[in-house]
Every structure is written in C-alpha cells, then in structure tokens.
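*Asks:* what's the 3D shape of this:
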Amino acid sequence: MANKIKSKLILELREAQMSQRMIAETRHMSRSSVSDVFRIAKEKNIRYMDVQGMSEEEVYQLFFPDKSQLYLF
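*Replies:* Residues are numbered from 1 along each chain as shown. Sure, this is the predicted structure:
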C-alpha cells in the first residue's frame with residue numbers, strides 16, 4: 001500500500017515559505033504529491049491556519065476524500 005500524502009505537513013511548510021521542490025526534497029516526498037496538495041489548497045482556499053487543529057488523517061480526508069475511503073478497509 002502506498003504511503004498517504006502528509007497534507008497537513010505540506011501546508012505547514014508552505015506557510016513557512018518553503019517551495020514545492022524544497023518540501024519534496026527535504027521530506028522525501030514526490031514532487032507531484034506536493035504539487036497536488038498546493039493545487040487542491042488553492043482550489044479549495046485552504047491554508048494551514050484552517051487545518052492547524054485537525055489531525056493529519058482529517059486533513060488527508062479533506063484533501064483526498066475519494067482516496068481516504070480506500071483506507072477504511
């Protein structure tokens with residue numbers, strides 16, 4: 001099973017002004033995963049402060065509702 005994208009962490013690092021490339025390199029994530037989170041955050045107007053009090057799992061479900069259903073089984 002593939003690893004879940006750490007959407008909350010990506011948003012936190014984005015808030016700290018890290019670039020997509022830098023996040024991917026320093027956190028050993030694919031650049032496409034980081035890009036997906038940036039794109040969805042922009043589309044849904046989600047910032048780190050909006051999800052700060054949420055768990056990583058809740059943020060993942062917010063960003064990837066279709067994929068999060070796969071992990072319920």
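*Asks:* Only C-alpha atoms from now on, for both contacts and neighbour counts.
*Replies:* Noted.
*Asks:* can you map out the helices along the protein?
*Replies:* For the chain, the helices defined by DSSP state H cover 7-15, 20-27, 31-44, 48-51, 56-63, 65-70.
*Asks:* Need the winner for burial among these.
*Replies:* Mean neighbour counts were compared across the helices of the chain using mean count of other C-alpha atoms under 10 Å; the top stretch is helix 7-15, at a mean of 20.
*Asks:* For that helix, name the packing helices and strands.
*Replies:* In terms of contacts (3 or more C-alpha pairs under 8 Å, 6 or more residues apart in numbering; DSSP states H and E), helix 7-15 is packed against helix 20-27, helix 31-44, helix 48-51, helix 56-63.
*Asks:* Export that helix to PDB, keeping only CA atoms.
*Replies:* What follows is helix 7-15, C-alpha atoms only, in PDB (Å, rounded to 0.1, in the frame of the first residue of the first chain):
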ATOM      1  CA  SER A   7      -1.200  17.200   3.500                       C
ATOM      2  CA  LYS A   8      -1.100  19.000   6.800                       C
ATOM      3  CA  LEU A   9       2.700  18.900   7.000                       C
ATOM      4  CA  ILE A  10       2.900  20.200   3.400                       C
ATOM      5  CA  LEU A  11       0.600  23.100   4.300                       C
ATOM      6  CA  GLU A  12       2.700  23.900   7.400                       C
ATOM      7  CA  LEU A  13       5.900  24.000   5.400                       C
ATOM      8  CA  ARG A  14       4.200  26.100   2.700                       C
ATOM      9  CA  GLU A  15       3.200  28.600   5.400                       C
END
